[in-house]
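Undergrad: kindly generate the corresponding structure for this input.
(one chain, ligands or ions: 1)
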Amino acid sequence: MGFMSSSVGRKVLMAVTGFFMLFFVLVHMLGNSSIFIGPAALNTYAEKLHSLGPLVWIFRGFMALMLLIHVWFGVTLTLENSAANPSKYAVSKKLKATFSSETMIWTGVLLLSFLVYHLLQFTLRITPDILPDAIAKRPGDVYKMVVTSFRITPISVVYLVAMFTLFLHLSHGIQSIFQTVGCSNDKTLPALTTIGKLLSVLFLVGYGAIPVLILAGILAR
Ligand code: HEM
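TA: Modelled structure (predicted):
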């Protein structure tokens with residue numbers, strides 16, 4: 001049986017692609033955190049990224065490929081697992097299952113929908129909340145763009161729900177990466193699970209603080 005058609009091979013691909021996306025989520029959160037320093041810090045960061053030119057496009061292409069592979073195998077593995085006799089594994093599944101592990105496909109689908117919305121909003125800038133000057137000039141005043149959008153309560157709520165969904169997906173996902181690539185055994189698993197949970201909480205707080213502080217008027221234009 002080939003690597004790609006074996007379920008282990010496909011799980012390894014999910015883990016490796018998940019790892020690259022995890023890295024992106026970490027870097028994006030650190031970059032976005034410059035908003036806490038002030039408008040100039042976030043805008044300078046955005047200018048620097050845009051000035052990388054073709055490198056940005058190579059990175060985007062690579063990340064799009066990672067996402068595509070991750071989603072494709074996530075969906076096909078889930079469909080195959082549910083087509084296999086579910087009752088056969090009922091006992092062993094119950095021992096390990098958590099809400100976050102049982103809902104991976106659904107939190108994944110929600111995150112994908114969020115990502116489409118997020119790209120239409122801040123990358124393509126075609127959602128109704130985007131001001132004309134943010135459409136005219138790129139990157140332009142990214143701080144003003146983000147604050148203007150998050151002042152709209154339903155938009156901030158969408159982001160907070162998405163950040164909680166990301167928290168659920170990664171609470172299981174991160175320790176699952178270690179398990180799949182064989183870095184964890186009975187001794188190290190509890191520590192790796194804790195690292196996964198701590199990182200997920202860090203993302204929830206780091207990303208979630210932005211809409212919360214904007215709604216509270218602490219980050220303002
Ligand atoms: C409070 C939360 C977030 C804020 C304020 C935020 C902000 C932004 C902004 C301003 C951009 C456009 C950058 C530019 O064109 O200069 C962007 C792009 C992007 N964001 Fe976020 N983001 C957030 C959460 C997330 C999350 C959780 C993910 C992934 C799960 C994500 C994935 C992306 C991606 C893939 C891009 C496109 C990058 C590119 O243009 O190459 N973002 N984000």
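Undergrad: against which helices or strands is the helix or strand hosting residue 173 packed?
TA: According to DSSP states H and E, residue 173 maps onto helix 153-180. Applying 3 or more Cβ pairs under 8 Å, 6 or more residues apart in numbering; DSSP states H and E, one finds that helix 153-180 contacts helix 7-32, helix 99-102, helix 104-118, helix 142-150, helix 189-215. The way it works is simple: take the backbone N, C-alpha and C, and place the C-beta from them, glycine included.
Undergrad: burial check on residue 149, number of neighbours?
TA: Counted with other Cβ atoms under 10 Å, residues neighbouring residue 149 total 21.
Undergrad: could you do the one 4 residues further on as well?
TA: Burial of residue 153 is recorded as 10 neighbouring residues (other Cβ under 10 Å).
Undergrad: and the gap between it and residue 176?
TA: Using Cβ to Cβ, to the nearest Å, residue 153 is found at 34 Å from residue 176.
Undergrad: now swap in residue 188 and tell me
TA: From residue 188 to residue 176 the distance is 14 Å (Cβ to Cβ).
Undergrad: and residue 99, what does it touch?
TA: With contact taken as Cβ atoms under 8 Å, 6 or more residues apart in numbering, residue 99 is in contact with residue 168.
Undergrad: picking that back up, so residue 188 and residue 176 - more neighbours on which side?
TA: Ranked by neighbour count (other Cβ under 10 Å), residue 188 and residue 176 place residue 176 first, with 22 against 13.
Undergrad: what's the local residue count around the closest residue to that one other than its chain neighbours?
TA: In space, and not counting its chain neighbours, residue 176 is closest to residue 15: 7.0 Å by Cβ to Cβ, 6 or more residues apart in numbering. The local packing of residue 15 (other Cβ under 10 Å) involves 19 other residues.
Undergrad: one more: residue 65?
TA: 12.
Undergrad: got the residues of this protein near the ligand?
TA: Within the chain, the positions near the ligand by Cβ under 6 Å from any ligand atom are 25, 28, 32, 46, 60, 115, 118-119, 122-123, 139, 142, 146, 159, 166, 207, 210-211.
Undergrad: give me the buried subset of those residues.
TA: Using 16 or more other Cβ atoms under 10 Å as the burial test, the residues of the chain next to the ligand include 25, 32, 46, 118, 122, 139, 142, 146, 159, 166, 207, 210-211 as buried.
Undergrad: nearest to residue 64 among the residues you listed?
TA: Distance to residue 64 across these (Cβ to Cβ) is lowest for residue 118, with 14.1 Å.
Undergrad: pLDDT value on the closest residue in space to the closest one that isn't next to it in sequence, please?
TA: Nearest residue to residue 118, sequence neighbours excluded (Cβ to Cβ, 6+ apart): residue 162, at 7.9 Å. Looking at residue 162, its pLDDT is 99.
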